[in-house]
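Trainee: Please work out how this folds:
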Amino acid sequence: MLRIRSIAPSLALAASAAGAQMPERATFYLIVGSDTVTIERSERTPTELRFELFDRKTHSRVGFTGRLTPTGLVESGGLSVFINPVDTAPALRISARFRADSIGIERAGATNWIRVGAGALPSMNVSAALLEQSLLRARAIGGDSVTIPVLFLPNGPSAPVTVIRRGPDAATARIGSVAIDATLSPDGRLMGAAIPSQNARYARGPATSGPFPGIKSFAPPAGAPYSAQDVEFRTSGGITLRGTLTLPQRGAGARVPAIVTITGSGPQDRDATPATLQAYRLYYQLADTLGRRGIAVLRLDDRGAGSDAGPLTATTADFADDIRAAVSWLRSRPEIDPARIGLVGHSEGGTIAPMVAASDSAIAGVVILGGTVSKGRDIITFQQRFVVDSMAHLMGQQREAALAEYARTLDSAATATPWWKFFLDYDGTATARRVRAPVLILHGEKDYQVPVAEAEKTASAVRGGGNRDVSVRVFPGANHLFLPDGGVGFSYDKLPSFVVKPEVIGAIADWLAARLTR
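Mentor: Residues are numbered from 1 along each chain as shown. Next up is the predicted model:
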């Protein structure tokens with residue numbers, strides 16, 4: 001879920017002191033700047049509150065149902081979190097029970113009782129319906145200033161929320177240093193709210209129904225000659241990976257070739273879509289093309305972006321273990337030919353694919369998109385020089401000072417997390433020399449994240465180990481995402497199109513078909 005720093009609207013669930021028995025429905029919108037971040041549909045009766053909240057940035061969905069009391073307290077509640085909004089099974093489900101001054105959080109059959117304070121309520125981030133309920137609880141208590149203890153789900157911490165009445169139609173909810181200025185209806189309903197310190201506001205609209213606008217579907221296009229199914233499996237390290245397996249049409253008992261796609265750095269979903277660029281769907285495009293050409297595709301959500309988050313100590317080498325687990329899982333499927341499994345990796349995925357292929361001689365083909373064998377330190381330095389020279393256009397002492405500051409930042413990053421240290425120091429040359437599978441290396445001519453020279457450097461490393469089935473192709477006018485470059489540098493959101501160049505998808509499909517379907 002999107003986390004707006006220090007905002008934690010109360011998840012207290014209470015009934016209106018008056019009102020009809022018919023459910024009251026509304027749709028709330030959280031708007032940050034000019035961007036609608038969440039859409040939340042609520043349904044309220046005197047004894048129950050239900051809501052569904054869709055986060056447009058992370059594409060996650062949260063559902064809640066709570067039993068209410070007439071005084072604005074909650075008797076029990078259940079929360080379900082869906083990492084992908086089209087999923088029917090939640091990635092996380094918890095229930096809450098309330099007793100005296102404690103809240104019992106039940107998860108996976110175990111209950112953890114947490115002492116919070118008398119009249120405590122649960123809380124959750126960015127929910128307008130639950131902000132409304134905290135205001136109703138304060139109204140039921142009465143007075144110009146009411147402080148309510150709350151617990152942030154799933155396991156804390158706890159904090160006080162103070163509601164200050166500013167008249168019959170206004171109140172301010174203070175959570176730490178954040179003030180939420182709310183406008184109320186005569187019966188205490190939330191009509192809107194401003195959060196000045198976050199440049200954010202809540203807006204209330206009429207009830208809506210149907211799919212949330214902007215929800216991404218991983219299903220095939222209508223009439224596609226292949227099927228798709230949501231899958232999940234556990235790695236030997238205990239990480240649950242989730243994704244989509246597309247399967248082409250096949251005869252009874254026939255087995256088809258398959259590939260595993262590997263995303264780049266940062267949290268991306270199974271389509272290689274970063275949270276800030278939802279229209280970009282590299283692997284959805286590729287799966288559609290390969291499905292029509294008889295090749296199955298397993299595309300996976302990254303850790304923490306649909307799959308289990310795993311430990312914060314994870315590095316690129318750990319992500320390579322995830323892909324090894326995916327290959328092993330594919331080989332166990334009756335629809336898949338275990339001798340015809342390939343890998344397609346983009347950016348960091350182009351580093352991971354050789355890692356896996358070097359340790360697995362049965363891999364039938366490797367496609368590297370915008371990848372590198374150089375140390376990450378060299379790649380980041382290239383990016384920094386591009387920013388200084390081509391975006392900031394600095395010269396002389398300003399240029400040298402900026403580059404020196406970047407270098408200091410890079411040294412600090414090396415100590416920040418295990419991932420950064422591994423990335424900055426890892427040289428993939430020796431690994432590339434151990435790859436025996438055929439290799440296709442594609443690069444964009446206008447790649448400002450990874451220098452185009454890395455394509456031939458990677459090919460040279462693979463050939464250096466004796467592998468002669470190595471091809472390189474550079475696409476004019478394409479950037480690191482293999483999109484038509486519009487001269488925007490790293491401001492990809494300003495590109496005119498987010499559709500990967502068809503010739504790139506075609507080159508991958510032709511090469512894989514020649515090596516996996518023969």
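Trainee: show me what contacts Pro186?
Mentor: By CB atoms under 8 Å, 6 or more residues apart in numbering, the contact set of Pro186 is 168-169. (C-beta placed from N, C-alpha, C; glycine too.)
Trainee: And what about it, helix, strand or coil?
Mentor: coil (DSSP: H, G, I helix; E, B strand; the rest coil).
Trainee: how far away is it from Arg166?
Mentor: Using CB to CB, to the nearest Å, Pro186 is found at 15 Å from Arg166.
Trainee: And for Asp55?
Mentor: 30 Å.
Trainee: Could you do Ala108 as well?
Mentor: Counting by CB to CB, the gap from Ala108 to Arg166 is 43 Å.
Trainee: Of these two, which one has the most company?
Mentor: Arg166 (13 against 7; other CB atoms under 10 Å).
Trainee: what's the residue nearest to Pro274 when sequence neighbours are not counted in contact with, if anything?
Mentor: Computed as CB to CB, 6 or more residues apart in numbering, the closest residue to Pro274 that is not its neighbour in sequence is Gln268, at 5.3 Å. Taking CB under 8 Å, 6+ apart, we find Gln268 in contact with 274, 301-302, 305.
Trainee: ok, now how distant is the most centrally placed residue in the chain from Asp269?
Mentor: Central residue of the chain (CA atoms, centre = their mean): Ala305, 3.5 Å from the mean position. Distance of Ala305 to Asp269, computed by CB to CB: 5 Å.
Trainee: thinking again about what came up before, roughly how far does the residue nearest to the centre of the chain sit from Ala413?
Mentor: Here Ala305 is placed at a distance of 21 Å from Ala413 (CB to CB).
Trainee: Ok, Ser227 next?
Mentor: 43 Å.
Trainee: what about these two, which has more around it?
Mentor: It is Ala413, of Ser227 and Ala413, that has more neighbours when counted by other CB under 10 Å, with 17 against 14.
Trainee: what does the strand or helix carrying the more buried one rub up against?
Mentor: Assigned by DSSP states H and E, Ala413 falls within helix 396-414. For helix 396-414, the surrounding residues in contact (CB under 8 Å, 6+ apart) are 377, 380-381, 384-385, 388-389, 392, 394, 420-421, 424-425.
Trainee: picking that back up, most widely separated two among the contacts of Gln268?
Mentor: Pro274 and Asp301 (12.3 Å; CB to CB).
Trainee: which phi and psi does the residue in the chain sticking out farthest from the centre have?
Mentor: Distance from the C-alpha centroid of the chain, by CA atoms, centre = their mean, peaks at Gly143 (42.6 Å). The phi/psi pair for Gly143 (degrees, to the nearest 10) reads phi 110, psi 160.
Trainee: list the contacts for it?
Mentor: Contacts for Gly143 (CB under 8 Å, 6+ apart) come out as Arg165.
Trainee: so how far is Gly188 from it?
Mentor: 14 Å.
Trainee: swap in Ser347?
Mentor: 51 Å.
Trainee: Please apply the same query to Thr47.
Mentor: 17 Å.
Trainee: Between these two, which is the more surrounded one?
Mentor: Gly188 (23 against 15).
Trainee: Next one: the more buried one from Val327, what distance?
Mentor: For Gly188, the distance to Val327 - CB to CB - is 57 Å.
Trainee: before we move on, what about Gly205?
Mentor: 47 Å.
Trainee: Among these two, which residue is more densely surrounded?
Mentor: Val327 (21 against 12).
Trainee: In the stretch 301-450 of the chain, what residue spans correspond to strands?
Mentor: Using DSSP state E, counting those that start in this stretch, the strands of the stretch 301-450 of the chain run over residues 336-346, 365-369, 439-444.
Trainee: cool, the stretch 151-300 of the chain as well?
Mentor: For the stretch 151-300 of the chain, strands defined by DSSP E, counting those that start in this stretch occupy the ranges 158-165, 170-175, 178-184, 190-195, 200-205, 226-234, 240-248, 256-262, 296-300.
Trainee: and Ala314, which of these is closest to it?
Mentor: strand 240-248 (12.8 Å).
Trainee: send the alpha carbons of that closest one over as CSV?
Mentor: Extracted as CSV, the C-alpha positions of strand 240-248 are listed here (Å, rounded to 0.1, in the frame of the first residue of the first chain):
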residue,chain,number,x,y,z
THR,A,240,6.2,-17.7,-1.9
LEU,A,241,6.4,-16.5,-5.5
ARG,A,242,3.3,-15.5,-7.4
GLY,A,243,2.7,-14.9,-11.1
THR,A,244,0.9,-15.9,-14.3
LEU,A,245,1.6,-18.9,-16.5
THR,A,246,0.4,-18.6,-20.1
LEU,A,247,-0.1,-21.9,-21.9
PRO,A,248,-0.5,-22.2,-25.7
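Trainee: What strands line up against that strand, and which way round?
Mentor: strand 226-234 (antiparallel), strand 296-300 (antiparallel) (DSSP bridges).
Trainee: Turn those into TSV, columns for mean pLDDT and distance to Pro196.
Mentor: As requested, the strands paired with strand 240-248 are exported to TSV (pLDDT from 0 to 100; distance: least, CB to CB, whole Å):
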stretch	mean pLDDT	distance to Pro196
strand 226-234	94	41
strand 296-300	97	41
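Trainee: a markdown table for these, including distance to Pro338?
Mentor: Below are these laid out as a markdown table (distance: least, CB to CB, whole Å):
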| stretch | distance to Pro338 |
| --- | --- |
| strand 226-234 | 16 |
| strand 296-300 | 12 |
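Trainee: Can you say which of those strands is nearest to Thr69?
Mentor: Of all the strands paired with strand 240-248, it is strand 226-234 that lies closest to Thr69, at 38.2 Å by CB to CB.
Trainee: Tabulate the CA atom coordinates of the closest one in CSV.
Mentor: Taking C-alpha atoms only, strand 226-234 is exported to CSV below (Å, rounded to 0.1, in the frame of the first residue of the first chain):
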residue,chain,number,x,y,z
TYR,A,226,-3.7,-19.5,-25.3
SER,A,227,-4.8,-19.6,-21.7
ALA,A,228,-3.5,-18.0,-18.5
GLN,A,229,-3.6,-19.1,-14.9
ASP,A,230,-2.5,-17.5,-11.6
VAL,A,231,0.1,-19.6,-10.0
GLU,A,232,2.2,-19.6,-6.8
PHE,A,233,4.9,-21.9,-5.3
ARG,A,234,7.5,-21.8,-2.5
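Trainee: how about that strand: buried residues?
Mentor: In terms of neighbour count (16 or more other CB atoms under 10 Å), strand 226-234 has its buried residues at 226, 228, 230-233.
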